[in-house]
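In: This is the structure alone, sequence omitted:
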Ligand code: ADE
């Protein structure tokens, strides 16, 4: 895959999760639906302009009408299509459950670690079915520089919004297969393993972004307490939906506030320097 690196490229991309199917206050430029070697993305990608004219790309992870379950999201096509547009910095938004009392519904989080509990049914590499053997470094599954950069602007955007939404950082997210939610026993086990948050969508997105040398971070928006709390009902989809709309509004506010600054930081700062070229040392040499 080649990427565009000049200043006209759509450098910054956003993947919206459940409830987040568009961004606000952007001028629509065009909609594209590129066919990649891995098929079409979940939805056509909206290219939109910030007030400065800078273009960003927006993709609805589950499709515009929420037609793809987490296990069926065409993640390889999504990442490949964004890469083709020139995206090098990618923010994924996702509704998540909380495994910790001090991370209540409504909280925003920037996780730094992932525990993979997907079940091998999702194609998770661009190198499957090829003769190239590659092992991407994934010890730090999110772009450390990007996550560090995001903390300040997101905190400020949340404070400006004035709803009292807090941002927590340095959290570990469990990615489970679904579509059913966890049992109470599983939920307790994830807590013992050190999990703080749980969702069904951060993988293989994060793995594929790394293989595509895209700097990726997840903005996790907490909808529920999962199923570990004693004397409390286990999570249901209805409970998730209750918080989804408010979280999506706040996500739109955060995106609208930080994207311009993020673009400038990506263009002129060192956010991209960790991931760019990282796959060169991941390909196994042929003997
Ligand atoms: N997405 C939102 N809440 C979730 C939960 N409790 N488990 C898995 N995915 C989720």
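Out: Noted; the coordinates are in hand. This is a predicted model, so every value here is computed, not measured. Numbers count the residues shown, from 1 in each chain.
In: In the stretch 51-200 of the chain, which residue sits closest to the ligand?
Out: Nearest residue of the stretch 51-200 of the chain to the ligand, counting by CB to the nearest ligand atom: residue 97, 2.3 Å away. To be clear about C-beta, it is placed using only N, CA and C from the backbone, and glycine gets the same treatment.
In: What is the burial count for the closest residue to the ligand within the stretch 151-287 of the chain?
Out: Nearest residue of the stretch 151-287 of the chain to the ligand: residue 226, at 3.9 Å (CB to the nearest ligand atom). Residues near residue 226, counting by other CB atoms under 10 Å, number 27.
In: for residue 262, same thing?
Out: Neighbours around residue 262, by other CB under 10 Å: 25.
In: Enumerate the residues of the chain near the ligand.
Out: 95-97, 176, 181, 198-200, 223-224, 226, 235, 240 (CB under 6 Å from any ligand atom).
In: what about 5 Å?
Out: 95, 97, 198, 199, 200, 223, 226, 235 (CB under 5 Å from any ligand atom).
In: Export those as TSV, with columns for secondary structure, distance to residue 172 and pLDDT.
Out: Formatted as TSV, these follow (DSSP: H, G, I helix; E, B strand; the rest coil; distance: CB to CB, whole Å; pLDDT from 0 to 100):
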residue	secondary structure	distance to residue 172	pLDDT
95	strand	17	97
97	strand	13	98
198	strand	10	98
199	strand	12	98
200	coil	16	98
223	strand	18	97
226	coil	14	97
235	coil	18	92
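In: for stretch 70-90, the distance to its chain's centre please.
Out: Computed by CA atoms, centre = their mean, to the nearest Å, the chain-centroid distance of stretch 70-90 equals 10 Å.
In: before we move on, back to that, quick check: chain neighbours aside, which residue is closest to the residue of the stretch 151-287 of the chain closest to the ligand?
Out: residue 97 (3.7 Å; CB to CB, 6 or more residues apart in numbering).
In: Quick check, the one you found in contact with residue 225.
Out: Yes: using CB atoms under 8 Å, residue 97 makes contact with residue 225 at a distance of 6.8 Å.
In: Pairing-wise in the sheet, spell out the partners of the residue nearest to residue 226.
Out: residue 198, residue 224 (DSSP bridges).
In: what's around it, how many residues?
Out: Neighbours of residue 97 (other CB under 10 Å): 29.
In: residue contacts, it?
Out: 181, 197, 198, 199, 222, 223, 224, 225, 226, 235, 240 (CB atoms under 8 Å, 6 or more residues apart in numbering).
In: Roughly how far does residue 48 sit from residue 31?
Out: 10 Å (CB to CB, to the nearest Å).
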